[in-house]
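Chemist: I'll drop the sequence and a predicted model, then ask my questions.
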Amino acid sequence: DTGVSQDPRHKITKRGQNVTFRCDPISEHNRLYWYRQTLGQGPEFLTYFQNEAQLEKSRLLSDRFSAERPKGSFSTLEIQRTEQGDSAMYLCASSLFRRGLTSTDTQYFGPGTRLTVL
Amino acid sequence: SQQGEEDPQALSIQEGENATMNCSYKTSINNLQWYRQNSGRGLVHLILIRSNEREKHSGRLRVTLDTSKKSSSLLITASRAADTASYFCATAPNTGTASKLTFGTGTRLQVTL
């Protein structure tokens, strides 16, 4: 048990619907990451937060995607007007980042949310 | 996009044998990490090796890093059926304070009794 939780674990939706996923990181961790993984591939970076600030977004994150981390604790990832190509596993990870110690910034992953868009 | 490739894509061995999987990457790194993923589940962190390290051990795991060749290998000794999973290498960039991970394509390991 890594301590990172994600909800829901599975989501089936129809094309065009909006979906929202939640991630609760390990409590003392200040960084939170979102990744997307499609079948047979490694995870791909989407975005990350340090505390409540969103510091980087991938080009994969189209304008239909939005992520928030209010108060620097849990995070939500919303996908608007879902498309079949959005079907994937959405993984959340957290880490404790300390300036000057980037080499120990180990990321701990949650179980993921599997999205199926019909 | 994926950082690099892992080799082999799939590996099948018998319990008790050693498993070696390789990872190549493309850019300068701060560290390289190996993760395990059981089917349809999240990733479990196995080991981290820094760019100034050449070899690291953790239990039955041995990781090597050759930054001149931009490659790493993961050796699992005395494999067990429970080691059956996909294994991914992931690199952290050598840039400022960013530490997003870039993953390889993974090696699917099957350990049979």
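Modeler: Looks like it came in fine.
Chemist: what sits closest to whichever residue of chain B sits closest to chain A if chain neighbours are left out?
Modeler: Residue of chain B nearest chain A, by C-beta to the nearest C-beta: residue B:103 (3.2 Å). C-beta coordinates here come from the backbone N, C-alpha and C atoms, glycine included. Nearest non-adjacent residue to residue B:103, counting by C-beta to C-beta, 6 or more residues apart in numbering or on different chains: residue A:42, 3.2 Å away.
Chemist: run a quick neighbour tally on the residue nearest to residue B:29 when sequence neighbours are not counted.
Modeler: Nearest residue to residue B:29, sequence neighbours excluded (C-beta to C-beta, 6+ apart): residue B:91, at 4.5 Å. As a burial measure, residue B:91 scores 25 neighbours (other C-beta atoms under 10 Å in any protein chain shown).
Chemist: hmm, residue B:91 is touching residue B:34, no?
Modeler: No. Residue B:91 is beyond contact range of residue B:34, at 10.7 Å (criterion: C-beta atoms under 8 Å).
Chemist: report the contact partners of the closest residue to residue B:60 other than its chain neighbours.
Modeler: If the residues on either side of it in the chain are set aside, residue B:60 comes closest to residue B:77, at 4.8 Å by C-beta to C-beta, 6+ apart. Neighbour list for residue B:77: B:18, B:60-62 [criterion: C-beta atoms under 8 Å, 6 or more residues apart in numbering or on different chains].
Chemist: now, those residues that are in strands?
Modeler: Residues of the contacts of residue B:77 located in strands (DSSP state E): B:61-62.
Chemist: quick one: name the residues of chain A near chain B.
Modeler: Where chain A comes near chain B, counting by C-beta under 8 Å from any C-beta of the partner chain, the residues are A:2, A:4, A:31, A:33, A:35, A:40-45, A:48, A:55-56, A:89, A:91, A:93, A:95, A:97, A:99, A:102-112, A:114.
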